[in-house]
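>>> everything below, folded, please.
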Amino acid sequence: MKKGFKLKCNEDIKNLLGSPLFEKDEVYEVLHVDNESTEVLVCLNHILYANEYNMWPLEWVNKKFKIVK
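Sure, this is the predicted structure:
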């Protein structure tokens, strides 16, 4: 996984308040990949509510998204 990859979401994903972060079948871009920690983390663009960019474990991203060719 590298910065700039396009990923298609497999399911609707909501934040803790129940608002959508990712919508099924929409395409999102990888903004950053952190390979320096013990767990590889990925930052994706998503629906923002308050400038809340988050990092997700690579394993989670691989389960919820697929790479668009």
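
>>> and residue 20, how many residues sit next to it?
The local packing of residue 20 (other Cβ atoms under 10 Å) involves 14 other residues. C-beta here means a position set from N, CA and C on the backbone, and glycine is covered the same way.

>>> may I have the phi/psi pair for it?
phi -70, psi 130 (degrees, to the nearest 10).

>>> and it, how far from residue 61?
17 Å (Cβ to Cβ, to the nearest Å).

>>> could you pull out the helices in this protein for me?
Shown for the chain, the helices assigned by DSSP state H span residues 58-64.

>>> got the contact list for the most centrally placed residue in it?
What sits nearest the mean C-alpha location of the chain, by Cα atoms, centre = their mean, is residue 44, with 3.9 Å. Residue 44 makes contact with 7, 22, 28, 29, 30, 31, 56, 61, 65, according to Cβ atoms under 8 Å, 6 or more residues apart in numbering.

>>> I figured the third one was touching residue 65, is that so?
It stands for residue 28. Yes. With contacts counted by Cβ atoms under 8 Å, residue 28 reaches residue 65, the gap being 7.2 Å.

>>> sheet-wise, list the partners of the lengthiest strand in the chain with their directions.
Ranked by residue count, the top strand of the chain under DSSP state E comes out as strand 27-34. Using DSSP bridges, the strands paired with strand 27-34 are strand 6-9 (antiparallel), strand 41-44 (antiparallel).

>>> tell me the most buried of the ones you listed?
Highest mean neighbour count among these (mean count of other Cβ atoms under 10 Å): strand 41-44, with a mean of 20.
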